[in-house]
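Undergrad: model the structure of this input:
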Amino acid sequence: MELFYLLKREIKQPIRPLLIFIAISGIANAVLIAIINRAAENVANAQVSNKYFLLYVCGVMVILFSKKYVLDKSCAIIESVMCRLRNRIANKIRHTELNILELIGTAPIYARLTQDASYITNVSTTMISAIQSAIMIGFTLVYVGTISVWSFLMVIATMGLGVAYYFRHSKSFLTMWQTVSIKLTGFIENLGHILQGFKEIKINRNKNEGVYKSYKTINKELRDNRIKTSLSYNIMLIFTQILFFLLLGVVLFGIPHFHAEHAEDVIKVTAAILFIIGPFEGLVSSMSMIDQAKDAIQNIINLEQQLEEEMKKHKLSVKAQSHRQTFETLPYFESIQFKGLQYSYPPTPEREHIFTVGPVDLTLRKGELIFITGGNGSGKSTFLKLLTGLYPPKGGHIVVDAGLEGSEGTVVTAKNYQQYRNLFTTIFTDFHLFDKLYGVEKADAGLVNRVLQNMGLPPEKVTYGKGKFSNLHLSTGQKKRLALTTCIIEDKPIYIFDEVAADLDPGFRDKYYYELLRELKERNKTVIVVSHDRHYWTVPDRLLEMVNGSIRELPREEIDSMLAFERQATW
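TA: Residues are numbered from 1 along each chain as shown. From the prediction side, this is the model:
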């Protein structure tokens, strides 16, 4: 069973005390029915004994104490297991590659680490109760066997039919839960369209209706599949109840006709069966949650295995990515050369055409200010991911400081890729703002606030104090200024700005091009800017143009000619 496999693999602390108390609780429940029957028999014979009262009280106390211990301990164990599992998967995600994360998608990861993890956590109490019920039923059956062999066989046959029914349909139950998981992932993805695309659907009524219609469709499919699954379990529960009603009928009205000696034991056997029915029905009812948890566990295991397989395919490992050297930055004094660098997107059923960037032969020199331009889909963003090491190249290689003092330079390989990435600080078009300066926790608050004010972000908008920014709910342009602040404080050798100026107001745009970029250049930083603002093409040292994945440097004469033509057209 997946749950026991997971627990066996993940539990680090000893669980023998837990198992002992589970057994004690189950046995105590079974012993209690024997005490109740003996006490009732004494009362029927007008014999009142304090002994059975004391045994009854002791039995109840043992049951309650052991059950509390088991529930508390199991809750702590399951939560610890899930915390460790979530940490390990998140650790693998952060050490994987961008293209692997894009392949898996974010919706399945959210579903696995939130909804599926909740299923597993919630089932812990149910599972423990089911184990206790099974132990109690087992010892109660032994008690029934001491009273009447025929009744014992009838109860065994009844429960056997119920168990056989479950195992006969167990594969279909699991298939139904797998379908529910698929629909849930789709539901999360469609809900993301509403939340993340709120502005877009709010100003477009037709788009709003289309998105909501898609959301309602997947939500209805999720509902229908959940109902279908629940109905299947309800049939199993009703079938079990029918079996026990038949069993009681046979014990009360059938067996006494054939075995007269059984008549005097009918009350004891009936009480024991009635005592069994509740736990057995609880056991049957719990199968729904347990099967759901089994599917959730399999989903999480599959996600982790997929991450491991992809990382192995790319020759990655968490251990290697966590080595102390990965925190170091690759020495960079003079230049970075790209020799035949190339990246191709893998084909998919939806995308038969394979877009390729490169081969790129290019040299970036330290302290240069370089602009990159090109149309939509020309490969600029892909090139930046290739340049920064976010995409591993499918061909060619990167060499740092080739020719420096006669050396061949440092070739960027899988072993030093993270050290190479540490050279960069970036603002991509889909950048994410963090609430803290992660990685620069000891940053001087005064310096950060001065940079914020220089970026046109006054204290009433955002400040930095107690290790975090006071506000991230800013306009798009202000968010970019805050991102620029973060980059400046990180103080890396190479800066990548992907269309940062697109949402800046005209006044700050001049400051961005004429002051900020030049200040970084004066500090001997290499700055690479994606820009379509031809008005500022006199600022960079070099201008690169991308067309259909190929890159070329525009000569100064061509740039001057293009700008002169544009000025004439404007006049």
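Undergrad: my guess is Tyr443 contacts Asp491. True?
TA: To be clear, residue 443 is Ala; Tyr isn't right here. No: counting by CB atoms under 8 Å, Ala443 sits too far from Asp491 to count as a contact (9.8 Å). Just so you know, the C-beta spots here come from the backbone N, C-alpha and C atoms, and that holds for glycine as well.
Undergrad: which of the two has more neighbours?
TA: Ranked by neighbour count (other CB atoms under 10 Å), Ala443 and Asp491 place Ala443 first, with 18 against 12.
Undergrad: assign that one to helix, strand or coil.
TA: coil (DSSP: H, G, I helix; E, B strand; the rest coil).
Undergrad: list phi and psi for it.
TA: Main-chain dihedrals, Ala443, degrees, to the nearest 10: phi -60, psi 140.
Undergrad: excluding covalently adjacent residues, which one is nearest to it?
TA: Leu437 (5.0 Å; CB to CB, 6 or more residues apart in numbering).
Undergrad: give me the neighbour count for the one you found.
TA: 19.
Undergrad: quick one: stretch 29-45 to chain centroid distance?
TA: With CA atoms, centre = their mean, to the nearest Å as the basis, stretch 29-45 stands 52 Å off its chain's centre.
Undergrad: before we move on, what about stretch 499-511?
TA: For stretch 499-511, the distance to the chain centre is 36 Å (CA atoms, centre = their mean).
Undergrad: number of residues surrounding Val60?
TA: 13.
Undergrad: tell me the pLDDT at it?
TA: As predicted, Val60 sits at a pLDDT of 84.
Undergrad: mind listing what it touches?
TA: Leu32 (CB atoms under 8 Å, 6 or more residues apart in numbering).
Undergrad: where does it sit: helix, strand or coil?
TA: Applying three-state DSSP: Val60 is helix.
Undergrad: what's the spacing between it and Lys67?
TA: Relative to Lys67, Val60 is positioned 11 Å away (CB to CB, to the nearest Å).
Undergrad: which secondary element of the protein has the worst mean pLDDT?
TA: The weakest-scoring helix or strand in the chain, judged by mean pLDDT, DSSP states H and E, is helix 255-258 (a mean of 62).
Undergrad: check which element follows that helix along the chain.
TA: helix 266-313 (DSSP states H and E).
Undergrad: remind me what that following helix packs against, helices and strands.
TA: helix 2-10, helix 16-44, helix 50-95, helix 98-104, helix 117-147, helix 149-196, helix 205-249 (3 or more CB pairs under 8 Å, 6 or more residues apart in numbering; DSSP states H and E).
Undergrad: any idea which element the residue nearest to Ala443 lies in?
TA: Per DSSP H and E, there is no helix or strand for Leu437.
Undergrad: so what's it up against?
TA: Applying CB under 8 Å, 6+ apart to Leu437 gives the contacts 443, 448, 464, 467, 486, 489-490.
Undergrad: and Arg556, how many neighbours?
TA: Using other CB under 10 Å, Arg556 is surrounded by 12 other residues.
Undergrad: model confidence score at the closest residue to Leu113 other than its chain neighbours, please.
TA: Once flanking residues are discounted, Leu113 sits nearest to Arg86: 5.5 Å by CB to CB, 6+ apart. With respect to pLDDT, Arg86 has a value of 83.
Undergrad: got it, and Tyr464?
TA: Looking at Tyr464, the pLDDT reads 91.
Undergrad: how close does it get to Asn449?
TA: Per CB to CB, Tyr464 is found 5 Å from Asn449.
Undergrad: of the two, who's got more company?
TA: Higher neighbour count among Tyr464 and Asn449: Tyr464, with 25 against 17, using other CB under 10 Å.
Undergrad: now do the same for Gln337: helix, strand or coil?
TA: With three-state DSSP as the basis, Gln337 sits in strand.
Undergrad: hey, where'd the strands end up in the stretch 451-571 of the chain?
TA: With DSSP state E, counting those that start in this stretch, the ranges of strands along the stretch 451-571 of the chain come out as 464-465, 468-469, 494-498, 526-530, 542-547, 550-554.
Undergrad: what's the third one packed up against?
TA: Read that as strand 494-498. Packing partners of strand 494-498 (3+ CB pairs under 8 Å, 6+ apart): helix 380-387, strand 424-427, strand 526-530.
Undergrad: quick one, which of those is nearest to Phe139?
TA: For the helices and strands packed on strand 494-498, proximity to Phe139 was assessed by CB to CB; helix 380-387 is nearest, at 63.4 Å.
Undergrad: ok, Leu71 - contacts?
TA: Listed by CB under 8 Å, 6+ apart, the contact partners of Leu71 are 125, 128.
Undergrad: quick one: it from Phe280, how far?
TA: For Leu71 relative to Phe280 (CB to CB), the value is 20 Å.
Undergrad: again, but for Lys492
TA: 65 Å.
Undergrad: one more: Asn91?
TA: Taking CB to CB, one finds Asn91 at 42 Å from Phe280.
Undergrad: same question, Lys92
TA: From Lys92 to Phe280 the distance is 42 Å (CB to CB).
Undergrad: those two: which is more packed in?
TA: Higher neighbour count among Lys92 and Phe280: Phe280, with 25 against 21, using other CB under 10 Å.
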